[in-house]
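Participant: how would this look folded up:
(2 chains)
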Amino acid sequence: MFANILRRTLCSLWGALVLLGTGNAVAGFSDTLNLRQGATDISHRVYNLHMLILGICVVVCAAVFAVLIYSLMTHRKSKGAVPATFHESTTVEIIWTTIPFLILVGMAVPATTTLLALEDTRDADMTIQVTGYQWKWKYDYLDSDISFFSVLTTPPDEYQLDATAKKDENYLLEVDNPIVVPINKKIRFLITSNDVIHSWWVPDLGWKQDAVPGFINDAWTELDKPGTYRGRCAELCGKGHAYMPIVLVAKTQEDYDAWVAQQKGAKEAAAAAGNKTWTMEDLMARGEKVYTANCVACHQANGEGIPGLFPALAGSAIATGPVAGHMDRVMHGKAGTAMQAFGPQLNDVDLAAVITFERNSFGNHQGDMVQPSDIAAAR
Amino acid sequence: MSTATTHDDHHHHGAPSGLMRWVKTTNHKDIGTLYLWFSFIMLLIGGAMAMVIRAELFQPGLQFVQPQFFNTMTTMHGLIMVFGAIMPAMVGLANWQIPMMIGAPDMALPRMNNWSFWILPFAGTMLLSTLFMDGGGPAFGWTFYAPLSTTFAPKSTDFFIFAVHMLGFSSIMGSINIIATVLNMRAPGMTLMKMPLFVWTWFITAFLLIAVMPVLAGAVTMMLTDRNFGTSFFEAAGGGDPVLFQHVFWFFGHPEVYIMILPAFGVVSEIIPTFARKKLFGYSSMVYATASIAFLSFLVWAHHMFTTGMPVAGELYFMYATVMISVPTAVKVFNWTATMWRGSMTFETPMLWAIAFVFLFSIGGFTGLMLGVAPSDMQYQDSYFVVAHFHYVLVTGALFAIIGAFYYWVPKWTGHMYDERLGKIHFWWSVISVNVLFFPQHFLGLAGMPRRIPDYSLQFADWNMVSSLGGFAFGLAQVFFLFIVIKTIRGGTPATAQVWEGAHGLEWTVPSPAPYHTFETAPEVK
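Facilitator: Residues are numbered from 1 along each chain as shown, chains lettered A, B, ... in the order given. Got it, this is the predicted structure:
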């Protein structure tokens, strides 16, 4: 590992030297110097405002620093400078109080117009509700009855088990179900949270908006080009804060309509899967997947939890007790703790599978199965 | 103990010796020393946590710590640096200097002074002890937003809450003492508008502290009852509001940043005239600017909350009010520049730190202005741009001023000159590495890296590595500082009473080292 760190260090130092030496583009360094211009009208306006204010700051800063540096070079005792005796001037004080004030008033004008445009969520063509969970996002399309969770898909061994493993281009920026939107439509987002405060941030849209439990915030965007835009949770929300990315895919209206049809088909298929009786092998295989996506962050891959924070499933009273109690805990959660109610989040098959998996893994050998029909009956 | 008894019998002599001298002392110089040592120890502990953070962020992936512990490190680093290092260091400087600068024999309330210090080690120990508890220490950021800090927090959070209460008691008592001292103990002729600027800035800071520490205490008390007694101040399900927590916290938190920076302004306003051999330019406008900054600091708190879903009218008001603060701040920078202008400057170590303060604090001020502009803050908020901003104002601002103050006044405290060559090495080492550490974090934030994450996607890898290298170098420089401090205490060229050629003020009229009791007969100020 340390050889690797050393190698990367040397590479990076070399990169920095080249950058300084030529003032030229070295991929990783120069790509990440400034705010992204983004992909919407609002993000461009935010970018332009940023550049304007940055420009003013740089000019004023350069002017003040120039005076300071001149003074530091010239007014030295070693150069025989004799101290002047002036120590106040009301005129000068008034001038340098007024000038910054006028600059600020000048800045406030574009800032105000941009802010008003950014906050104007009226006349939207469609509405998507965004709900933050520890540590995933849920998207509800309020106009078309589509609803799904979006969970990180970077395999844990890329970051957790073997930190030196080669990392994919979209490391920590990839999800199973991206949020899909049509282009050229004003989309309103209603943003809220199920547990703690999160913040929904796709830099290319030009804003972030906090997801506050019990309250609904709104925001909007309108994209004009199909594409994939990536972002992250921006408000500390617990130990999985770094692991709940956002992937937004913008599609043309036709592609979007096709996607909507496909989502509806998938929903029917899931309902059909819930009507059949599953075998132990199938439940265990599916349960492991569901566990990895939903449970592993707290209860850990080995089911041991984190002592004092998240309880173990291995040998726990619930996972080795009566099935009904286990189902109740998974479906309804435990109030006042991080244990969420998964009943509304997962379908019958996934719930049956993950409960079966928990009862027969990590050294638990209950040997019993939960069928999707049991879950449906318990709902 | 016997020495303490002798002390009562004979009034005019030096310090008593032994451990009980420090436990029972009511002497402002002893208490100042205790505060300064406490803050240095906390600086090194908080710094060690920063090293853990920078080591983990050196490259993508999890190398050293798990996410939960990483969050504990960012949380404790912030809390320890703010409440354990910067604030106590400023109080330590106040204890040593304010009586000597206004010609008072001691602080007005010496026994309370003892108590306000001795609360601190217990509060600090209680806070640190959470690291060893079941479930780990606080892991919700130094801003401890509910409900992550209430419903979803580890059990140790209750210890954190009591530690914050104790720190608050300490600060309030310290502030009452400073106000009482300044108002009652000034030497004849030392009118308010003749007070050195360091005294003025601390006087104003003390009012800020008294105003906002109870607000913080209220916030943590509401957390305590939410956690343990079934109330729902911050719990939406029970009719409360998580955003209310942020309003209460930042009503404390924004004045808090000025609590940390105003005394630093005072220090710099002492050092620059001394080494420019020229009176401070615009003394009275400096006093008024300090007071206006303090006043405005109560009116701008929600600029930390532009993305929480405030109404547009609220966002506009907080944006306008926030950018207004740059006016008095700019006036201060212009005044320091005008003080140096046509002076006769020399560049001993304290002056170097003060000049670095003016340059680098200005950078932090400019990024602060950018953050105050609401629409672009929608991008900057909670990113590394914010991290870079507040480290420029708190490290190259407050901490640099504290280090400068040490070099400036240590000959008066110990009677020894520090080693000028080592002081300059310490300065250049720090000032270069601190920029390698924090400047790239502006780039990371603009490029979209959120703060408080243990792992990041690949486009952030290069600048994080540069930042970490700067961090390690800066951390090591402060261990070197510890060596310089100890070396100076143990020996060095004897200092004269005047110490610096251009120094003015009452503290330079007493011998170096300053006797245990100074100004038992009040000096006359013309």
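Participant: Is any residue of stretch B:271-280 near chain A?
Facilitator: Yes: Stretch B:271-280 reaches chain A (C-beta under 8 Å from any C-beta of the partner chain) through B:A276, B:R277, B:K278, B:K279, B:L280. Any C-beta I mention is one placed from the backbone N, CA and C, and that applies to glycine too.
Participant: Between these, which sits nearest B:H28?
Facilitator: The nearest member of the residues of stretch B:271-280 next to chain A to B:H28, counting by C-beta to C-beta, is B:L280 at 24.8 Å.
Participant: Just the pLDDT for the residue of chain B found nearest chain A.
Facilitator: Proximity of chain B to chain A (C-beta to the nearest C-beta) peaks at B:A236, 2.1 Å away. We have a pLDDT of 91 for B:A236.
Participant: And B:D134, by the same measure?
Facilitator: pLDDT recorded at B:D134 is 88.
Participant: which residue ranges form the strands in the stretch 101-250 of chain B?
Facilitator: Counting by DSSP state E, counting those that start in this stretch, the stretch 101-250 of chain B has no strands at all.
Participant: picking up where we left off before, the residue of chain B closest to chain A: what's its closest spatial neighbour, skipping adjacent residues?
Facilitator: Closest residue to B:A236 apart from its sequence neighbours, by C-beta to C-beta, 6 or more residues apart in numbering or on different chains: A:G214 at 2.1 Å.
Participant: Can you pull the residues of the stretch 401-526 of chain B lying near chain A?
Facilitator: Near chain A, when you scan the stretch 401-526 of chain B using C-beta under 8 Å from any C-beta, you find B:443-444, B:446-448, B:450-463, B:465-466, B:469.
Participant: middle-most residue in chain A, spatially?
Facilitator: Centroid-nearest residue in chain A: A:R232, 2.0 Å away (criterion: C-alpha atoms, centre = their mean).
Participant: Surely that one touches A:M244?
Facilitator: Yes: taking contacts as C-beta atoms under 8 Å, A:R232 lies within contact range of A:M244: 7.1 Å.
Participant: Could you tell me which of the residues of stretch B:271-280 next to chain A are located in helices?
Facilitator: With helices defined by DSSP state H, the entries of these inside them are B:A276.
Participant: Now render the residues of stretch B:271-280 next to chain A as CSV, adding neighbour count.
Facilitator: What follows is these, written out as CSV (neighbours: other C-beta atoms under 10 Å in any protein chain shown):
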residue, neighbour count
B:A276, 29
B:R277, 21
B:K278, 25
B:K279, 17
B:L280, 21
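Participant: that older thread, pull out the buried members of the residues of the stretch 401-526 of chain B next to chain A.
Facilitator: Among these, those buried by neighbour count (16 or more other C-beta atoms under 10 Å in any protein chain shown) are B:443-444, B:446-448, B:450-463, B:465-466, B:469.
Participant: Can you pull the domain assignment for chain A?
Facilitator: Chain A breaks down into these domains under automatic domain parsing: A:41-77+A:86-118, A:126-255, A:274-378.
Participant: Report the contact partners of whatever residue of chain A ends up closest to chain B.
Facilitator: Using C-beta to the nearest C-beta, the single residue of chain A nearest to chain B is A:G214, 2.1 Å away. By C-beta atoms under 8 Å, 6 or more residues apart in numbering or on different chains, the contact list for A:G214 reads A:T192, B:A236, B:A237, B:D241, B:P242.
Participant: Counting neighbours, which of the residues you listed end up buried?
Facilitator: A:T192, B:A236, B:D241, B:P242.
Participant: Out of those, which one has the lowest pLDDT?
Facilitator: Confidence-wise, B:A236 trails the rest of those, at 91.
Participant: Wait, that one touches B:V243, no?
Facilitator: No: here B:A236 does not reach B:V243: they are 9.5 Å apart, not a contact under C-beta under 8 Å.
Participant: Tell me the residues that contact both of those two, please.
Facilitator: Counting by C-beta under 8 Å, 6+ apart, the shared contacts of B:A236 and B:V243 are A:V212, A:F215.
Participant: which residues in the stretch 201-350 of chain A form strands?
Facilitator: Assigned by DSSP E, counting those that start in this stretch, the strands in the stretch 201-350 of chain A fall at A:207-211, A:217-221, A:227-233, A:246-251.
Participant: Highest mean neighbour count out of these?
Facilitator: Ranked by mean neighbour count, the strands of the stretch 201-350 of chain A are led by strand A:207-211 with a mean of 27 (mean count of other C-beta atoms under 10 Å in any protein chain shown).
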